[in-house]
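In: sequence and predicted structure below; questions after.
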Amino acid sequence: MSTGDHNQDYRSENGFPGHELRMERESKHLTLSQVATDLHLMPKVIAAIESSKPQTFHNPVFMRGYIRNYANYLGLDAKKYTVAFERLGTVNLAPPVIKSTNSVKQRDPFKVPFARGVSWLFVLTMLGVIFWWSQEQYRVVPSDASSLTATMTDIASESERLIDEGFLAPDALISDGNPIEDSVGESESPSVAEVVEETVEEVVEEIVEILPVIFDGLDMSFTNECWVQVRDSSGKTIYSAVANRGDQVQIAGSEPLSVIVGRVDAVASALYKGTIIDVSSLTNTNVARFTLPLNP
């Protein structure tokens, strides 16, 4: 049988032209190890793509991404090979169903130890400043108070003398009551306790508004396509999908969470309950498998 007949049988039997990728690699004088190193994959993954049944080697979602990256690496039409892979009868690439998870509760900023400590320190500082300012504003010097009382008494006596001698009408100083008492009543200011209470309420409201709300689960963002799968403590899959570049994924469920990240170098950031996770430190390959919360 000639080489051309062999290739024709290969295509008709398998439906995936893996031999074309192998021939292109060999024409470029590239070894499996060299390609695997450049693509951050194991050599057996490249060999599986070039084999007759790549769909039986790995998770179909992963393998489709590997095929696309391999074709792009060789300068070939990646869509041609991914479409051929999807047409294989045993491959199930239906869009993953994202099932509902536990409701995400917003954490009270005052229950976070660090935020609570900073908040109360700020409140106490403001109380000290407000108390000092109030004392300065409402301080009454005894000598000044005595002088004011004496002056008001002299004015009242002089007014009575002018009324008795007919120089001043009796109702000239009356306006719905004693004019001196009215003026004093109008000048009364709120108490220090009222001012402090109102100010503290305003400060606490402002602190609550500016403090960030920490997501009570796994929060990830991506710089490229990346497959992520998460299972909860019962083994139930609560998330399984391919995240695109620029996506942000938030996942919550009962601990411990079993997480698989299919492309570590595509993870821009990862946090669990507000704590940063260095995903790259959890694997020697480009695929990470870990459990949350992480062991200290």
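Out: Great, that's in hand.
In: next, I238: phi, psi?
Out: Backbone torsions for I238, taken as degrees, to the nearest 10, come to phi -100, psi -10.
In: correct me, but it touches E255?
Out: No - with contact defined as CB atoms under 8 Å, I238 does not reach E255; the gap is 11.8 Å. Using the backbone N, CA and C atoms, a C-beta is placed for each residue, glycine as well.
In: so for those two, which residue has more residues nearby?
Out: I238 (20 against 13; other CB atoms under 10 Å).
In: before we move on, the earlier item: what do I238 and E255 both touch?
Out: D232 (CB atoms under 8 Å, 6 or more residues apart in numbering).
In: lowest mean pLDDT among the helices and strands, pick that one out for the protein.
Out: helix 3-14 (a mean of 41; mean pLDDT, DSSP states H and E).
In: packing partners for the helix or strand following it?
Out: Counting by DSSP states H and E, the next helix or strand C-terminal to helix 3-14 is helix 18-27. Contacts defined by 3 or more CB pairs under 8 Å, 6 or more residues apart in numbering; DSSP states H and E place helix 18-27 against helix 43-50, helix 60-74.
In: spatially nearest residue to S33, not counting backbone neighbours?
Out: P43 (5.5 Å; CB to CB, 6 or more residues apart in numbering).
In: do S234 as well
Out: Nearest residue to S234, sequence neighbours excluded (CB to CB, 6+ apart): S254, at 7.0 Å.
In: let me know the distance separating the one you found from D216.
Out: From S254 across to D216, the span is 12 Å (CB to CB, to the nearest Å).
In: who's more crowded, those two?
Out: The neighbour comparison of S254 against D216 (other CB under 10 Å) goes to D216, with 17 against 12.
In: the more buried one and I251 touch, don't they?
Out: No - counting by CB under 8 Å, D216 does not reach I251; the two are 10.8 Å apart.
In: tell me which of the helices and strands packed on helix 18-27 sits nearest to E24.
Out: helix 60-74 (4.8 Å; CB to CB).
In: buried residues of the very next helix or strand once past that closest one, list them for me.
Out: Proceeding N to C from helix 60-74, the next assigned helix or strand is helix 78-86, under DSSP H and E. Residues of helix 78-86 classed as buried: 78, 81-82, 84-85 (neighbour count, 16 or more other CB atoms under 10 Å).
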